[in-house]
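Novice: compute the structure for the input listed below.
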Amino acid sequence: MRKITQESVSAFLDGKPFKKGNMEVEISERHNIKFLMLHGHTIAIMENGKLRISNCGWKTKTTKERLNGLPDVHIQQKKGLWYLNGCYWDGNMIRIGILEDTNNKDMFKESDLDTIFKS
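Specialist: So this is what the prediction gives:
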């Protein structure tokens, strides 16, 4: 993990403002919300202890590396598709910890992809 990822994620989790290079952490103490930003795009939000992430449409190595620095986030890429914690993920904002929720239409197990793409 790169040093800037460690520093920005640590600040994000600790609720401390941070700005260095292409990373920034902003805090809304009034609403108890933390924002982790890459190039000005919000890639993670922590609200009342609940983490949500997005790639903001940027499927880059840097975005993936920054998100992988967060707890309970493991993103892999296979054949151009992103997988979050073992399930296909389209990159839209999603709350971490609800991957098994069948109502979550942004997440699919890899075995479901054949059915989805053949339809």
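Novice: hang on, residue 63 in a helix?
Specialist: Yes: assignment of residue 63 by DSSP: H, G, I helix; E, B strand; the rest coil places it within a helix.
Novice: surely it touches residue 43?
Specialist: Yes: assessed by CB atoms under 8 Å, residue 63 is found in contact with residue 43 at 6.4 Å. C-beta: built from backbone N, CA, C; applies to glycine.
Novice: what is in contact with those two at once?
Specialist: Residues touching both residue 63 and residue 43 by CB atoms under 8 Å, 6 or more residues apart in numbering: 55-56.
Novice: what does the pLDDT read for the residue sitting nearest the centre point of the chain?
Specialist: The residue lying closest to the centre of the chain (CA atoms, centre = their mean) is residue 53, at 3.2 Å. pLDDT for residue 53: 98.
Novice: and the residue nearest to residue 26 when sequence neighbours are not counted, what does it touch?
Specialist: Leaving aside its sequence neighbours, residue 26 sits nearest to residue 35 (CB to CB, 6 or more residues apart in numbering; 4.5 Å). Residues in contact with residue 35 (CB under 8 Å, 6+ apart) are 24-28, 42, 44-45.
Novice: can you flag the buried ones in these?
Specialist: Neighbour-count burial (16 or more other CB atoms under 10 Å) applied to the contacts of residue 35 gives 24-25, 27, 42, 44-45.
Novice: could you export these to TSV, including columns for pLDDT and secondary structure?
Specialist: Listed next are those as TSV, based on pLDDT from 0 to 100; DSSP: H, G, I helix; E, B strand; the rest coil:
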residue	pLDDT	secondary structure
24	98	strand
25	98	strand
27	96	strand
42	98	strand
44	98	strand
45	97	strand
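Novice: nearest to residue 73, of the residues you listed?
Specialist: Distance to residue 73, by CB to CB, is smallest for residue 44 among the buried ones among the contacts of residue 35, at 8.5 Å.
Novice: how far away is the closest one from residue 78?
Specialist: With distances taken as CB to CB, to the nearest Å, residue 44 is found 23 Å from residue 78.
Novice: for residue 19, same thing?
Specialist: Residue 19 sits 34 Å away from residue 78, going by CB to CB.
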